[in-house]
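> I need the structure of the sequence given here:
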Amino acid sequence: MTEKTVDVETIDILLIGSKGEIAEAVKLIDSHFREKIVGIIRKKALSADAHDLFDIYQDVMLSILECATSRNYNPDAQKLEGLIYTIAYRRAADWVRAKTGIKEEYNTDDIADSVQQIICGSKYDEPWQKAQSEAKRGLILKTIENLVPTLKHRQRQVAEIIKINFPDFLDDPSIKKQILYIYGEDVTTLAVRSARQEVYSKIRDALSIAGYGDYTDE
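Purely as a prediction, here's the structure:
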């Protein structure tokens, strides 16, 4: 199949099939999405040379393969493009962290602090910081991760972009640009803002249900 004629639905079916079918799906992804994947890697890993790009790309393909073989991909809950581009961004971010010597523990702390700011908009000396222990932090992040597949199309896109960009915060225009770049959809800034507000509201509700209401209320 060529880049113009590849059938995404066919790839979805292969990805939830046998090991041989999954391998065929990865080959199709390689031929169809290679240019966009490399573009995402280049954008995130600015200092990567040709050899580094190849290594990161191989990691992306391997991660996609592992995701499918471990049955962690559900075509009904996530679009194929979203899965591919999310993995590409994360592997590139992993390379940047390794290159710059930033330890994962430090990054995880930043993610938790970012979640704190998003959920309650509070300062760092407020009571919500009581939830910053490692165990509770993991539960909070898992709650957010579980929420993503339940969101509507646009909200899910925004939530995925927010998640993969932690600990960085993106404004509405930046999220709009990433939706266009990753998903190929040109949406209005107003639509992005509305989806982002809904995502934040649902994150607060999910955390409250999970038992974190005391920390999210002002």
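
> How is the chain divided into domains?
1-102, 104-218 (automatic domain parsing).

> Show me the helices in this structure, by range?
8-15, 19-44, 50-69, 80-100, 104-120, 134-147, 153-165, 172-183, 189-207, 213-216 (DSSP state H).

> Comparing the ones you listed, which comes out most buried?
Each of these was given a mean neighbour count from mean count of other C-beta atoms under 10 Å, and the largest, a mean of 21, is that of helix 153-165. Bear in mind the C-beta positions are built from the backbone N, C-alpha and C, glycine included.

> Now do that one: which elements does it pack against?
With contacts defined as 3 or more C-beta pairs under 8 Å, 6 or more residues apart in numbering; DSSP states H and E, the packing partners of helix 153-165 are helix 80-100, helix 134-147, helix 172-183, helix 189-207.

> quick one: which of these is nearest D59?
Between D59 and these, the shortest separation by C-beta to C-beta is 4.5 Å, and it involves helix 80-100.

> Can you pull out the low-pLDDT segments for the chain?
Under the criterion of pLDDT under 70, the regions of the chain flagged as low confidence span 1-6, 101-141, 143-144, 165-169, 207-218.

> returning to that earlier point: between the helices and strands packed on helix 153-165, which gets nearest to Q157?
helix 172-183 (5.5 Å).

> Just name whatever secondary elements the closest one is in contact with.
For helix 172-183, the packing partners by 3+ C-beta pairs under 8 Å, 6+ apart come out as helix 19-44, helix 80-100, helix 153-165, helix 189-207.

> Show residues contacting the third one.
Think helix 153-165. Helix 153-165 is contacted from outside by 78, 82, 86, 89-90, 93, 118, 144-145, 147-149, 151, 170, 175, 178-179, 182-183, 185, 187, 191-192, 195-196, 198-199, 202, using C-beta atoms under 8 Å, 6 or more residues apart in numbering.

> got it, and stretch 56-69?
Counting by C-beta under 8 Å, 6+ apart, 15-16, 19, 22-23, 25-26, 29-30, 34, 37-38, 41, 45, 48, 73, 83-84, 87-88, 90-92, 94-95 sit against stretch 56-69.

> Just send the helices and strands packed on helix 172-183 back as JSON lines, with distance to F54 too.
What follows is the helices and strands packed on helix 172-183, written out as JSON lines (distance: least, C-beta to C-beta, whole Å):
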{"stretch": "helix 19-44", "distance to F54": "10"}
{"stretch": "helix 80-100", "distance to F54": "12"}
{"stretch": "helix 153-165", "distance to F54": "22"}
{"stretch": "helix 189-207", "distance to F54": "34"}
